[in-house]
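Undergrad: Just a sequence and a predicted model for now, questions to come.
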Amino acid sequence: MCVAVSEFTVPDIGDDDEDPDEARTVHPRLSSSIKPDSIDIQQNEEDDLDISFELDGQQYKRYKSWGVLQELHLLGLPLSFVIANINNESCIGFVLGSGKHGQLVPLHIGRVRETSQIGFTYFETNINEDVQSWIPLYTCRTDGSRTEYHSVVNYGHLLPHLSSLEEKNGTSILPYAVVTTDASHMNASYQFV
């Protein structure tokens with residue numbers, strides 16, 4: 001019998017001078033046997049606010065170029081989208097740009113390709129290639145100020161239909177399910193449920 005042994009390591013995300021054992025320590029508020037005092041509770045609440053702000057910007061991916069976005073879509077990989085409020089109408093699309101500028105590239109959700117009583121509904125999708133129809137979302141200036149032209153109201157992911165991925169013939173784009181971060185998904189009536 002041959003047994004392969006592998007070691008899984010997680011790359012450091014923070015500073016290089018962090019204690020390597022820090023990830024193994026249990027935070028005091030996670031332990032039920034430790035009763036924090038009021039100063040600890042106040043500090044934890046402040047930390048929670050900082051964490052929620054940091055996570056908010058990580059809920060969707062900003063694509064750096066049209067070519068990368070198009071290639072990921074053609075390969076049938078999961079894609080991160082936003083729903084923005086554009087002139088009091090919801091518009092679904094992808095954020096394309098750099099730290100200085102961001103544009104909403106509209107996503108067209110076409111006909112239903114796969115449906116299931118217990119699973120997601122999968123749709124044909126098309127990314128709008130017309131640069132003139134892309135909508136500016138934000139601009140950051142060199143002085144650090146930021147102008148937001150339209151607000152992002154929700155985030156989500158396009159999830160590929162995996163069995164179609166196995167059967168992909170290279171000529172058609174895979175169907176995708178449309179799922180938001182609040183666990184809603186688009187049904188066959190094009191409604192979020």
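TA: Arrived safely, thanks for sending.

Undergrad: gap between residue 112 and residue 124?
TA: With distances taken as CB to CB, to the nearest Å, residue 112 is found 8 Å from residue 124. Using the backbone N, CA and C atoms, a C-beta is placed for each residue, glycine as well.

Undergrad: So what would you say the end-to-end distance of stretch 175-188 is?
TA: End-to-end distance for stretch 175-188: 13 Å, by CA to CA, to the nearest Å.

Undergrad: Sheet partners, orientation included, of the helix or strand residue 137 falls within?
TA: Assigned by DSSP states H and E, residue 137 belongs to strand 135-140. Strand 135-140 pairs in its sheet with strand 101-114 (antiparallel), strand 146-148 (antiparallel), by DSSP bridges.

Undergrad: Could you report the neighbour count for residue 63?
TA: Residue 63 has 21 neighbours, counted by other CB atoms under 10 Å.

Undergrad: which element is residue 84 on?
TA: Using DSSP H and E, residue 84 sits in strand 79-86.

Undergrad: Could you list the domains of the protein?
TA: 22-56, 62-180 (automatic domain parsing).

Undergrad: which of these sits most buried?
TA: domain 62-180 (a mean of 15; mean count of other CB atoms under 10 Å).

Undergrad: then stretch 156-164 to CSV, C-alphas only?
TA: Output in CSV follows, covering the C-alpha atoms of stretch 156-164 (Å, rounded to 0.1, in the frame of the first residue of the first chain):
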residue,chain,number,x,y,z
GLY,A,156,-22.8,38.0,-6.0
HIS,A,157,-21.2,35.2,-8.1
LEU,A,158,-21.9,33.6,-11.4
LEU,A,159,-21.5,29.8,-10.8
PRO,A,160,-21.0,27.6,-13.8
HIS,A,161,-23.1,24.5,-14.4
LEU,A,162,-20.5,21.8,-13.6
SER,A,163,-22.0,18.9,-15.6
SER,A,164,-22.0,21.2,-18.7
